[in-house]
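[1] Quick one: sequence and predicted model below, then my questions.
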Amino acid sequence: MVNLTIDAVQVSVPEGSTILEAAQAAGIRIPTLCWLKKLSPIGSCRMCVVHVDGVSRPVTACDTVAGDGLVVTTDSDELREMRRDVLRLLLVRHPLDCPVCDKGGECDLQDLVTEFGVTAKEYGTEPFERQLPRYVSPFIQQWPDRCVLCGRCVQACTEIKGIGCIQIVDNGLHSYIGPKPGAECVSCGECLSVCPVGALTDGVRETKARIWQSERVETTCGYCGVGCQLELNVLDGRILRVTTTDFDKAPNHGTLCVKGRFGWEFVDHPDRLTKPLVRKDGDLVESTWDEALGLVASRLQQIKDEHGPDALGGFTSARCTNEENYLFQKFLRAVIGTNNVDHCARL
Amino acid sequence: MTNAIACVDKAEAFLVIGSNTTENHPIIGDRVKRAVTRRGAKLVVIDPRRIPLAEYANVFLQIRPGDNIAVLNGIMHVILQEGLHDAAYIEERCEGFDAFAASLEKFTPEWVEQNTGVSADALREAARLYATADPASILYAMGVTQHTQGTDAVKALANLAMLTGNVGKEGGGLNPLRGQNNVQGACDMGGLPNVVTGYQKVADDEAMAKFDEAWGRKVRREVGLTVTEMGNRAADGSLKALYIMGENPMITDPDLHHIEKALDNLEFLVVQDIFLTETGQKADVVLPACSFAEKDGTFTNTERRVQRVRRAVAPTPGCRPDWAILADLMGRMGYKAEYAGPEEIFEEIRSLTPSYAGITYDRIENEGIPWPCPDTDHPGTPILHVGGFARGKGLFHPVDYNGPDELPDDDYPFFLTTGREHPHYHSGTMTRRCGRINDCFPEGFMEMNPVDAERLGLATGDPVKVSSRRGEITTKVQVIDRTAPGTVFMSFHYSESPVNQLTNSAACPTCKIPEYKVCAVRVEKL
Ligand code: SF4
Ligand code: SF4
Ligand code: SF4
Ligand code: FES
């Protein structure tokens, strides 16, 4: 353990912890922008600057290891001004297009700019046009001017997904997130989910909503056996997109694959069945629940009476819930009276 | 899985066999890659395809489809021969070791090389990597089970894990990765002909007495029919009615001709699904159900974690949740089944199922709990068999290698193996109706090695006819160095190229899983 003092509070943290982690352990907030708990420190934005006694220039808390006996100050006029300058410089590039940005209302840049009282684009620049290649994933829309070049997306793609198909290309005002040769994007949307601003947005649905207008319902992905936790964002009874905001939760810690993140459009597909169908004169025709279920009940009963319960069977579903699977086998075992129940996917 | 997904972070080595993890269980695949690249964990990959994870492997054994057991036995032979096994663990916790050790004698690395083409040196290297790491985790999927010797291969893997003392250990274990989201739950809930919930056997009179009483009907004590057997009985006319909930065997069954005949032969077929599937088109009654986003309930993931499913949008007008349809039908057939909602059903489940007894909706509101969870104070069990096996001692099963049921010959010179493509899912009913996903991945391909492609004069995009003893389909070729020469690969998501027209329905005699992973085909340019 190492012991240090942060804003006059004594903190004791495991060896190797950063100053930021030590502050968090003591309940002291240091503003950050590029730092994200699930990624190793990037150290690109300099929002997290702090004073360390005996060190002449402020250091970045997110990637500086907490040494024994350090005395750290996290807030001062000088530090606030430095942070303000970080934000002013970001706004040189970043347009004030918040009203039309998907991220408005849940954007780290917006929050920090508000917190530090930056009220306008203070440093100007000549507008310029750029010709960029399409973003690596067709599911994601890229807004290069909004990018704060924090590098989270690059870090996440490399560290979390082990892919590494994006990088910061070009430099200065012209830099943007572009493809990195040698690796292929799998459209997992990890980059999208870690972007602190609206530089990467979900490209599946046209309809958008502010965070306070839509509802977020946490549920379990319906595709594979990993059972990732995700949030369905819903507006007026329609799914808008999928988000993950809890990076601490098992089993997926906020990470998804292309199916979980972008594979929900089938829910309101026009092909969805909306009425029971009953075969009449060889064709399936629309019917009512009453007629259809009445027919199922009477035909199953009749076959059971004529041929015994083992002339009936059922395939239950690895896609349905536990409750439904339970009821299905109970139906066959208790109501029909047979153990002829199985499912198609045995692993 | 015997172990939690998070255990991947603790493993010093992985043996990944028959699992294209990064595409089929991407989140687990990511973690394995992370362990390898960031912690230096060792990785052995055994697969007929050069899957993406092979790029990260210390040793990649590109085997012929169907040779899993030969290779695993070879690995265990090396471990024993070089004294890399965990003798103390075996002594203390296992039995049947001597007969098992004797059964490995013939599987020398040289024998394996001669009979399977896998290099003896690479095999030794794989054995050493896995056996000297502590803990070491085995991950496997349908590439192991979908064979005529599927059960034997799983036993061989269990032997390997016990031999090296890796069962009941954090970061170790024997970890099957379940294909569909709730296969684990469907099995746990008694969606099997021989067991009711929590694997309580229908033949076990004492356990069934509890169900007789709770359900008010006597549960039959004879084991029922499996999917494959029901198909056969339907075809021969002795099974008259079938109720299919949320499955599409007309695409996923290993023998599509057979299943079509079987379904056509039924007197009465009910299909309950969210779309009119290929199977639904054969039904007498089709019942429109709700998707996962429209209903409440629970799924149990591959690490046995019971997690909430929550209704996010109202049911599509006209649809009902599957549980509500079933309850209604039970009522109409004179059996009272009135539930206020899924939670009440779950309460009934846990009252009858010791491994679920301690799990409640309240307890899993924030995070799921892995069973067994015997009471409401129990935290759940992320790792099975800690300190001892459920059955007492871990039993070694000698397993012999027979090879696949069908081998290539002059008429059908290629091995065909099947699997998934990451953006799509199963029969494609759902993902192929996701506009974006289908725009990006609209059609299936058959992967063929450049050597074979050159010999047949084929280039990527060329249409081909692929035929086996059972049928023929057309698809397009993708020339890619992923399978070895002599083996081609297709995925099964595309109903316009139903690969299961080709596959062999010969099944594992014990678990009845068909040999989807190996058959012999001929490829002709169109
Ligand atoms: S979608 Fe996934 S793979 Fe593609 S760039 Fe983003 S993080 Fe990387
Ligand atoms: S795209 Fe987003 S995450 Fe990536 S560097 Fe720009 S602002 Fe950061
Ligand atoms: S998001 Fe992907 S990995 Fe996670 S459960 Fe869904 S399909 Fe599986
Ligand atoms: S948060 Fe520390 S440099 Fe960005």
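    Yep, it's here. Numbering: from 1, shown residues only, chains lettered A, B, ... in the order given. Ligands and ions are numbered 1, 2, ... in the order given.
[2] Closest to the centroid, which residue in the chain?
    In the absence of a named chain, this looks at chain A. The C-alpha lying nearest the average C-alpha coordinate of chain A belongs to residue A:244 (Cα atoms, centre = their mean; 3.3 Å).
[3] let's do chain B instead
    Chain B, centroid-nearest residue using Cα atoms, centre = their mean: residue B:142 at 4.2 Å.
[4] how about the strands of the stretch 51-200 of chain A, start to end?
    A:59-60, A:71-73, A:140-142, A:166-169, A:176-179, A:200-202 (DSSP state E, counting those that start in this stretch).
[5] no no, the stretch 101-250 of chain B
    B:136-140, B:174-176, B:241-245.
[6] Tell me how many other residues surround the residue in chain A that ligand 3 sits nearest to.
    Closest to ligand 3 within chain A is residue A:260: 2.2 Å, counting by Cβ to the nearest ligand atom. (Glycine included, C-beta is placed from N, CA and C.) The number of residues packed near residue A:260 is 26, by other Cβ atoms under 10 Å in any protein chain shown.
[7] What residues does chain B have near ligand 3?
    B:25, B:26, B:27 (Cβ under 6 Å from any ligand atom).
[8] Tell me the one of the residues you listed nearest residue A:81?
    residue B:27 (42.9 Å; Cβ to Cβ).
[9] The host helix or strand of that closest one: which residues count as buried?
    In the assignment (DSSP states H and E), residue B:27 maps to helix B:26-39. If you call a residue buried by 16 or more other Cβ atoms under 10 Å in any protein chain shown, then helix B:26-39 has these buried ones: B:26, B:27, B:28, B:29, B:30, B:31, B:32, B:33, B:34, B:35, B:36.
[10] So it, near chain A or not?
    Yes: applying Cβ under 8 Å from any Cβ of the partner chain, one finds helix B:26-39 touching chain A at B:26, B:27, B:28, B:30, B:33, B:34, B:37, B:38.
[11] Save these as TSV, and put in distance to residue A:214 too.
    Listed next are the residues of helix B:26-39 next to chain A as TSV, based on distance: Cβ to Cβ, whole Å:
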residue	distance to residue A:214
B:26	26
B:27	25
B:28	30
B:30	28
B:33	34
B:34	32
B:37	37
B:38	36
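[12] Make TSV from those and add pLDDT and distance to residue B:280 to it.
    Shown next, in TSV, are the residues of helix B:26-39 next to chain A (pLDDT from 0 to 100; distance: Cβ to Cβ, whole Å):
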residue	pLDDT	distance to residue B:280
B:26	88	30
B:27	88	31
B:28	90	32
B:30	90	36
B:33	90	39
B:34	88	42
B:37	88	45
B:38	85	47
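[13] how does chain A divide up, domain by domain?
    Per automatic domain parsing, the domain ranges recorded for chain A read A:2-75, A:140-268, A:277-344.
[14] ok so, going back, intersect the buried residues of helix B:26-39 with the contacts of ligand 1.
    Of these, not one also sits near ligand 1 (Cβ under 6 Å from any ligand atom).
[15] Would you mind giving both backbone torsions of residue A:315?
    phi -110, psi 120 (degrees, to the nearest 10).
[16] hang on, it packs against residue A:344?
    Yes: counting by Cβ atoms under 8 Å, residue A:344 is a contact partner of residue A:315 at 5.9 Å.
[17] which ones are touching residue B:193?
    A:339, A:340, A:341, A:342, B:223, B:224, B:225, B:226 (Cβ atoms under 8 Å, 6 or more residues apart in numbering or on different chains).
[18] I'd like the distance between it and ligand 2.
    As judged by Cβ to the nearest ligand atom, to the nearest Å, residue B:193 and ligand 2 stand 51 Å apart.
[19] For the residue nearest to that residue when sequence neighbours are not counted, grab the count of nearby residues.
    Spatially, and ignoring its direct neighbours in sequence, residue B:193 is nearest to residue B:224 (3.5 Å; Cβ to Cβ, 6 or more residues apart in numbering or on different chains). The tally of other residues near residue B:224 (other Cβ under 10 Å) stands at 23.
[20] Quick check: residue B:224 touching residue A:337?
    No: assessed by Cβ under 8 Å, residue B:224 is found out of contact with residue A:337, at 10.6 Å.
[21] Ok, which of the strands of the stretch 51-200 of chain A comes nearest ligand 4?
    Of all the strands of the stretch 51-200 of chain A, strand A:59-60 comes closest under Cβ to the nearest ligand atom, at 4.4 Å.
[22] Okay, helices next: where are they in the stretch 151-300 of chain B?
    B:183-188, B:205-215, B:227-236, B:249-252, B:256-265 (DSSP state H, counting those that start in this stretch).
[23] Let me fix that, I meant to ask about the stretch 201-347 of chain A.
    Going by DSSP H, counting those that start in this stretch, the stretch 201-347 of chain A shows helices at A:258-262, A:289-307, A:322-330.
[24] So, low pLDDT: which residues of the stretch 301-450 of chain B?
    In the prediction, the stretch 301-450 of chain B carries residues with pLDDT under 70 at positions B:388-391, B:421-430, B:435-436, B:439-443.
[25] Break down it into its strands, ranges please.
    Under DSSP E, counting those that start in this stretch, the stretch 301-450 of chain B gives strands at B:305-309, B:369-370, B:394-395, B:414-419, B:445-448.
[26] Quick check, the residue in the stretch 101-250 of chain B closest to ligand 2?
    residue B:181 (29.8 Å).
[27] got the contact list for that residue?
    Contacts of residue B:181 by Cβ under 8 Å, 6+ apart are A:220, A:221, A:222, A:223, A:224, A:225, A:227, A:318, A:319, B:299, B:301.
[28] again, only using 10 Å
    A:220-228, A:318-321, B:292, B:299-302, B:309, B:425-426 (Cβ atoms under 10 Å, 6 or more residues apart in numbering or on different chains).
[29] rewinding a little: right, and the helix or strand after the helix holding residue B:27?
    Next along the chain after helix B:26-39, with elements defined by DSSP H and E, is strand B:42-47.
[30] returning to what we had before: give me the common contacts of residue A:315 and residue A:344.
    B:191, B:227, B:244, B:246, B:247, B:248, B:249, B:279.
[31] pLDDT added to those residues, as TSV?
    Below are the shared contacts of residue A:315 and residue A:344 laid out as TSV (pLDDT from 0 to 100):
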residue	pLDDT
B:191	93
B:227	88
B:244	95
B:246	91
B:247	88
B:248	86
B:249	85
B:279	90
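[32] who wins for most neighbours among those?
    Neighbour max across the shared contacts of residue A:315 and residue A:344 (other Cβ under 10 Å) = residue B:191, 31 neighbours.
[33] The nearest residue to that one once chain neighbours are set aside: neighbour count?
    The spatial neighbour of residue B:191 that comes closest, neighbours along the chain excluded (Cβ to Cβ, 6+ apart), is residue A:316 at 3.9 Å. Look at residue A:316: counted by other Cβ under 10 Å, it has 31 neighbours.
[34] Isn't residue A:316 up against residue A:329?
    Yes: counting by Cβ atoms under 10 Å, residue A:329 is a contact partner of residue A:316 at 6.3 Å.
[35] shared neighbours, these two?
    Common neighbours of residue A:316 and residue A:329 (Cβ under 10 Å, 6+ apart) are A:341, A:342, A:343, B:186, B:189, B:190, B:191, B:192.
[36] how about those residues in CSV, adding distance to residue B:260?
    Formatted as CSV, those follow (distance: Cβ to Cβ, whole Å):
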residue, distance to residue B:260
A:341, 22
A:342, 19
A:343, 20
B:186, 24
B:189, 29
B:190, 28
B:191, 23
B:192, 25
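[37] Pick out the most distant pair among those.
    A:342 and B:189, at 12.2 Å, using Cβ to Cβ across the shared contacts of residue A:316 and residue A:329.
[38] so what's in contact with the two at the same time?
    A:316, A:329.
[39] And those two? Which one has more around it.
    residue B:189 (31 against 25).
[40] Would you mind listing the residues in contact with the more buried one?
    Residue B:189 neighbours (Cβ under 10 Å, 6+ apart): A:316, A:320-330, A:343, B:182, B:195-198, B:298, B:300, B:349, B:353, B:356.
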